[in-house]
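Asks: take a look and give me a structure for this.
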Amino acid sequence: MTTVSSHPWRAGLRAARANLGPGAILWIVGVAVVVGYYHWPAMHRTLEQVARIKQHYGIGFSMVSTALFGGMIPTLVQQLRPRWRHVAPIRHLPYLVLFFLCSGAVVDRFYWAQALLFGDDNQWLTVAIKMAVDQFVVTPIWFVPYMVIGFQFKNSGYSIRRTRRDLGRGWYLRRGVPLMVANWGVWIPAVICIYCLPLPLQLPIQNLVLCLWSLMLLLLTNHEPTAIG
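Replies: Here you go, the predicted model:
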């Protein structure tokens, strides 16, 4: 019998193909934000105001914003869709808020480190390097394990022992690799758009993409709304 564990890359590619529709919408949104910021004065002014708020509140803004857009909004929307209420019952909301609160702090510092190491310009080489480090280094090492283990911990009743049992041996190959491959099709174009923007706008736009992605997976497909960025 062919299993996900025997062909994790194929499983990821199948999921990526299934995600093409919602992903294409996000690519359009990302490109529209970048073009609007640099060529549409009204959008530029609006995004500059967001950037000023982000700079004023710093990492606190990142934590609260990610908790809101990554955890609270998708969870509350799930309550409106009966078929997904069992995936994230409202009782899990405090955990998901805390989960994405921590994620926001990590992403904030990661974007800051990228700017420190590679610069804060939108030259194609800078953007390409940041995208490669983001998607092919940090995502496999940190974001994939964080998402897989974090959501399994929730699904295992917040028990470390049950989480270890439910993940089992080879969990990264069976579950992490398909998740990573499926998300590359969406997040590689998305982070290219994100890194074309100034540093104070990168996390707010990442949050917007994360929220839209979760909502589209929920409303337009049959996938569980779990995403990595």
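Asks: how about the helices in the protein?
Replies: Under the criterion DSSP state H, the chain contains helices at 8-18, 20-39, 41-57, 59-66, 73-78, 93-118, 124-133, 144-155, 160-167, 171, 177-195, 199-220.
Asks: so how far is stretch 112-121 from its chain's centroid?
Replies: In terms of CA atoms, centre = their mean, to the nearest Å, the centre of stretch 112-121 is found 20 Å from the chain centre.
Asks: repeat that for stretch 165-180.
Replies: With CA atoms, centre = their mean, you get 18 Å for stretch 165-180.
Asks: go on, stretch 137-156?
Replies: So, by CA atoms, centre = their mean, the centroid of stretch 137-156 is 11 Å from its chain's centroid.
Asks: over to stretch 91-109?
Replies: Going by CA atoms, centre = their mean, the spacing between the C-alpha centre of stretch 91-109 and its chain's C-alpha centre is 12 Å.
Asks: so what touches it?
Replies: Stretch 91-109 has contacts (CB atoms under 8 Å, 6 or more residues apart in numbering) with 58-59, 62-67, 69-72, 75-76, 88, 142, 146, 150, 154, 158, 203, 206-207, 229. Placement of C-beta: from N, CA and C, glycine included.
Asks: make it 6 Å
Replies: Stretch 91-109 is contacted from outside by I59, S62, M63, T66, A67, G70, G71, M72, T75, G150, K154, L203, using CB atoms under 6 Å, 6 or more residues apart in numbering.
Asks: do the same with stretch 112-125
Replies: Here stretch 112-125 has contacts from T126, I129, K130, C196, L199, using CB under 6 Å, 6+ apart.
Asks: quick check: the two most widely separated of those?
Replies: Largest separation among these by CB to CB: I129 and L199, giving 14.8 Å.
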